[in-house]
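In: Below are the sequence and a predicted model; questions follow.
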Amino acid sequence: MSAWDVIVVGGGIAGVSAVRTLVEQKAERVLLVNAEEQLPYKRTKLSKNLANDTPVDAFSLHSKEWYSEHRVTLVNGTSVSQIDQVNRSVTLDDDSVHSYGALVFATGAEPLYPPTVQSREAGSYHVLRSAADLEALRAAARKARRVLVDGMGVLAVEVAAELRKLGKKVTLVGATPQVMPRHLNERAGEIMEGLLNENGVRLRFQEEILSFQRRDRGDF
């Protein structure tokens, strides 16, 4: 069993920010558990680079050397499978056991799926949350002619803009009466709507996806 002063679970910006704070406080024996294979990266870069071939490594928050130089042990491609609160230890999915003085959870969120999507077979739709999602979406976009994007938020708008750069016919559909309602007031939403229309994005407001079916290989 390995012993650590602090174990941070989650390789996103929250987890790395926690590690940075620990480094500033001169903490030693810090373990960062990152479920993805890549070095921790800036996740918001994914939706802004769909239309190009920029590798996810270019979005890394720190180099591999940064962690070792600051006495942080980083394990990639590993998740926590069990927590023993009594003995203050965690078991990783490689069956290794690690004790901790303090445990920080910063695992982030999961995509919110429409109810009708959850039962669909893998590959019939795409999300954009991880580096693997980005590569899958890039591959699908190369074959598609038309794309339906569910949502009116920032991520949906950025994905739509990137797909238009690739020459795809894009439709945004969402339950809200305007684009990006959490971030824009009514007037700003109107301006954004105009920009999307000028860019060839079709918008369908106050509608929800109840069911879907791919008509041919040119759709996703």
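Out: Thanks, I have it.

In: Name the nearest residue to the residue nearest the centre of the chain, sequence neighbours excluded.
Out: In the chain, the residue lying closest to the centroid (Cα atoms, centre = their mean) is residue 129, at 2.4 Å. Closest residue to residue 129 apart from its sequence neighbours, by Cβ to Cβ, 6 or more residues apart in numbering: residue 111 at 5.4 Å. Where C-beta positions appear, they are placed from N, C-alpha and C, glycine not excepted.

In: hang on, the residue nearest to the centre of the chain packs against residue 112?
Out: No - counting by Cβ atoms under 8 Å, residue 112 is not a contact partner of residue 129; they are 10.7 Å apart.

In: re the thing from before, okay, and the residue nearest to the centre of the chain sits in which element?
Out: For residue 129, there is no enclosing helix or strand under DSSP states H and E.

In: which ones are touching residue 172?
Out: Taking Cβ atoms under 8 Å, 6 or more residues apart in numbering, we find residue 172 in contact with 149, 151, 152, 156, 157, 160, 179, 196, 201, 202, 203, 204.

In: Please report the distance of the fifth one from residue 170.
Out: In this structure, residue 157 and residue 170 are separated by 10 Å, where distance is defined by Cβ to Cβ, to the nearest Å.

In: ok, now the fourth one?
Out: If you measure residue 156 against residue 170 using Cβ to Cβ, the figure is 10 Å.

In: which residues do these two both contact?
Out: Contacts common to residue 156 and residue 170, judged by Cβ under 8 Å, 6+ apart, are residue 149.

In: Now do residue 18: how many residues are near it, please.
Out: 19 (other Cβ atoms under 10 Å).

In: what's residue 76 sitting at in phi/psi?
Out: Here is the backbone geometry of residue 76 (degrees, to the nearest 10): phi -100, psi 160.

In: what's the answer for residue 151, then?
Out: Torsion angles, degrees, to the nearest 10, at residue 151: phi 130, psi 160.

In: Give me the nearest residue to it, chain neighbours excluded.
Out: residue 174 is the one closest to residue 151 (Cβ to Cβ, 6+ apart), at 5.4 Å.

In: Residues in contact with whichever strand or helix holds residue 163: which ones?
Out: Applying DSSP H and E as the criterion places residue 163 in helix 154-165. Residues from elsewhere that reach helix 154-165, judged by Cβ under 8 Å, 6+ apart: 47-51, 128, 141, 147, 149-150, 170, 172, 174, 179-180, 183, 192, 196, 199-201.
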